[in-house]
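A.B. asks: What follows is a predicted structure for the sequence shown.
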Amino acid sequence: MTDKASLKIAPNVLEMLHEGVGLNTTGELYRQLSTSIPKISGSPTESAILSWVVFDLAMDIDELKQGHKILQVEAFNSEKKRSGVLTRMNGKKIHAYWKGAAEMILSMCSNYYTKNGNIIPMNDEERTQFEMIIKDMAAKSLRCIAFGYKEVTDESVEVSRKIEETGLTLLGLVGLKDPSQPGVRAAIQACRDAGVDVKMITGDNIFTAKAIAIESVIVEPNEDLNNAVVEGVTFRNYSDEERMEKINTIRVMARSSPFDKLLMVKCLKRKGHVVAVTGDGTNDAPALKEADIGLSMGIQGTEVAKESSDIVILDDNFTSVVTVLKWGRCVYNNIQKFIQFQLTVNVAALVINFVAAISSGEVPLTAVQLLWVNLIMDTLGALALATEQPTNDLMTKQPVGRTEPLITKIIWRNLIAQASYQINVLLILEFKGSIIFSMNNNIKDTLVFNSFILYQVFNEFNARKMEEKNIFKGIVKNKLFLGIIGMTVVLQMVMVEF
Ligand SMILES: Nc1ncnc2c1ncn2[C@@H]1O[C@H](COP(=O)(O)OP(=O)(O)OP(=O)(O)O)[C@@H](O)[C@H]1O
Ligand SMILES: [Ca+2]
């Protein structure tokens with residue numbers, strides 16, 4: 001719509017558009033003292049429509065509200081995708097207004113307004129034409145909203161308060177653009193590289209959904225979309241087996257109800273997937289709650305959505321999902337590193353003391369020394385390994401499945417290899433140390449203790465990189481790690497010398 005759009009609309013139609021929007025909205029208009037331009041609040045769709053009639057179609061909402069009595073309201077709901085209102089104009093006529101998903105409102109209409117404001121019955125050909133207009137708008141990734149109206153002559157509605165749903169007159173169609181955030185394409189690609197499938201479940205119609213999915217590369221423009229895109233009703237009506245069979249290939253679900261979103265999450269979980277859901281509306285709440293990880297929007301999100309979620313994304317940006325993914329993986333990875341490191345220390349200490357105790361009756365590591373080991377290894381070791389920053393290669397790995405063990409085969413391999421190496425050397429030092437280096441027993445004990453601690457210090461480097469050969473990669477970036485290693489060595493020197 002252009003600035004002068006209001007001039008091209010017949011005055012009677014314009015007036016009804018004002019009423020059909022101004023009286024049938026959950027958005028609010030409030031004036032600020034500092035400027036003369038009013039501010040508009042409400043859901044994105046509501047505020048977009050409201051600002052269109054206020055700024056482009058010159059609606060005066062106060063005057064409008066004063067002149068009308070509202071008899072009945074049917075609030076927008078995600079199931080029916082429309083909202084309606086029944087009003088009486090200053091003791092005169094009663095009007096019913098509907099606004100909502102374009103093809104749904106169109107199917108309630110049997111007349112339409114011409115440019116000059118006359119009502120004409122809609123024939124099949126014209127209906128098809130309107131459908132084409134809606135499709136065209138949707139193909140440009142516009143969300144299409146229609147407005148319908150009916151003059152109610154039956155005065156009994158004053159009592160029954162029923163908002164008529166049939167035989168409406170189409171007032172107009174409007175297309176809303178929800179510009180996709182910059183970086184969404186890259187974020188979706190990053191998710192895919194990390195082995196995370198992205199699906200879009202939306203209340204928009206199938207054409208808008210397809211267009212948006214292509215824009216954000218959820219689907220490729222030239223791929224066969226028959227299996228990848230479904231409508232909520234179709235999905236709902238599949239048999240259980242059919243749904244489970246198709247769910248992996250479905251990437252877009254259009255015209256979905258809150259129940260469809262929930263159903264999708266349930267099925268994915270049943271398939272064994274770990275499911276994360278992002279959402280903003282009340283209609284997303286059941287799915288957010290059911291998901292393994294629910295992420296809601298901090299700015300646009302409703303309270304219900306935020307309360308049903310585990311994580312609130314403060315900047316509403318999909319790219320933050322990638323950040324969540326990266327940090328989640330980093331924490332998991334750091335826990336694994338620490339476990340590998342801790343188990344190695346404990347296995348080595350235990351075996352050395354046990355073997356020495358049963359063969360000579362003496363333990364090489366005394367109680368005080370073991371406490372010292374615990375102190376520096378638990379506290380300082382945890383601190384050093386937990387502060388590793390996420391690296392980019394975390395985002396190229398496949399996700400960890402629901403049933404995969406925390407201690408992987410690689411951790412076992414590292415642990416067993418490192419522990420047996422330490423045990424062998426330390427036991428040789430314990431039993432043959434005094435002969436090899438011709439030293440007395442006290443010095444040999446210190447040697448064993450010192451070697452043990454230094455082994456752990458070097459092993460801390462090993463634990464940083466569980467799979468890579470170059471364990472020093474990126475080490476200069478982690479100043480805290482180096483600091484803690486340095487501190488451990490200094491403390492050890494102090495301990496041994498003094
Ligand atoms: N305030 C509203 N008044 C009338 N119709 C609306 C309103 N908001 C949305 N619609 C219609 O309902 C559809 C969206 O329904 P719903 O809100 O259930 O979907 P959604 O999945 O929450 O969408 P999204 O999260 O993309 O906004 C839209 O395509 C639009 O046609
Ligand atoms: Ca929504």
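C.D. replies: Arrived safely. Ligands and ions are numbered 1, 2, ... in the order given.
A.B. asks: pLDDT of stretch 397-415, averaged?
C.D. replies: Stretch 397-415 carries an average pLDDT of 90.
A.B. asks: starting at the chain centroid, how far to that stretch?
C.D. replies: 25 Å (C-alpha atoms, centre = their mean, to the nearest Å).
A.B. asks: quick one: buried residues of that stretch?
C.D. replies: Val400, Ile411, Asn414, Leu415 (16 or more other C-beta atoms under 10 Å). Every C-beta, even on glycine, is put in place using the N, C-alpha and C of the backbone.
A.B. asks: what sits against the second one?
C.D. replies: Read that as Ile411. Gln336, Ile339, Gln340, Met466 (C-beta atoms under 8 Å, 6 or more residues apart in numbering).
A.B. asks: now swap in the last one and tell me
C.D. replies: With contacts defined as C-beta under 8 Å, 6+ apart, the neighbours of Leu415 are Gln340, Leu343, Thr344, Val347.
A.B. asks: ok, so of the residues you listed, who is nearest ligand 1?
C.D. replies: Nearest to ligand 1 among the contacts of Leu415 is Gln340, at 43.1 Å by C-beta to the nearest ligand atom.
A.B. asks: ok, how many other residues are close to that closest one?
C.D. replies: Close neighbours of Gln340, defined as other C-beta atoms under 10 Å, add up to 24.
A.B. asks: tell me which element it falls in.
C.D. replies: helix 319-360 (DSSP states H and E).
A.B. asks: Tell me the pLDDT of the residue of the chain most remote from its centre.
C.D. replies: Distance to the chain centre peaks in the chain at Ser438, reaching 65.5 Å (criterion: C-alpha atoms, centre = their mean). The per-residue pLDDT reported for Ser438 equals 82.
A.B. asks: and it, how far is that from Leu262?
C.D. replies: 76 Å (C-beta to C-beta, to the nearest Å).
A.B. asks: name the element the spatially closest residue to Arg161 that is not a sequence neighbour belongs to?
C.D. replies: Nearest residue to Arg161 in three dimensions, chain neighbours excluded: Gln72, at 4.2 Å (C-beta to C-beta, 6 or more residues apart in numbering). Element membership of Gln72 [criterion: DSSP H and E] is strand 68-77.
A.B. asks: could you check the angle strand 68-77 makes with whichever helix or strand comes after that strand?
C.D. replies: For strand 68-77, the following helix or strand on the C-terminal side (DSSP H and E) is strand 82-89. Angle, strand 82-89 to strand 68-77, by axes from the mean of the first three to the mean of the last three C-alpha atoms, to 10 degrees: 170 degrees.
A.B. asks: Any residue of strand 82-89 touching ligand 1?
C.D. replies: Yes - Strand 82-89 reaches ligand 1 (C-beta under 6 Å from any ligand atom) through Arg82, Ser83.
A.B. asks: That strand - contacts with which helices or strands?
C.D. replies: Secondary structure elements in contact with strand 82-89, counted by 3 or more C-beta pairs under 8 Å, 6 or more residues apart in numbering; DSSP states H and E, are strand 68-77, strand 94-101.
A.B. asks: so where is this structure shaky, pLDDT-wise?
C.D. replies: 1-7 (pLDDT under 70).
A.B. asks: Let me see the domain layout of it.
C.D. replies: Here the domain parsing of the chain from automatic domain parsing is 5-122+147-171, 184-321, 326-497.
A.B. asks: Run through the residues that contact Ala190.
C.D. replies: Val322, Met395.
A.B. asks: again but with Lys81, I slipped
C.D. replies: Gly100, Ala101, Met104, Gly203, Arg255.
A.B. asks: Which members of these additionally contact ligand 1?
C.D. replies: Gly100, Ala101, Gly203.
A.B. asks: in what helix or strand does the residue in the stretch 151-300 of the chain positioned nearest to ligand 1 lie?
C.D. replies: Residue nearest to ligand 1 within the stretch 151-300 of the chain: Gly203 (1.9 Å; C-beta to the nearest ligand atom). Using DSSP H and E, Gly203 sits in no helix or strand.
A.B. asks: Thanks again, I'm all set now.
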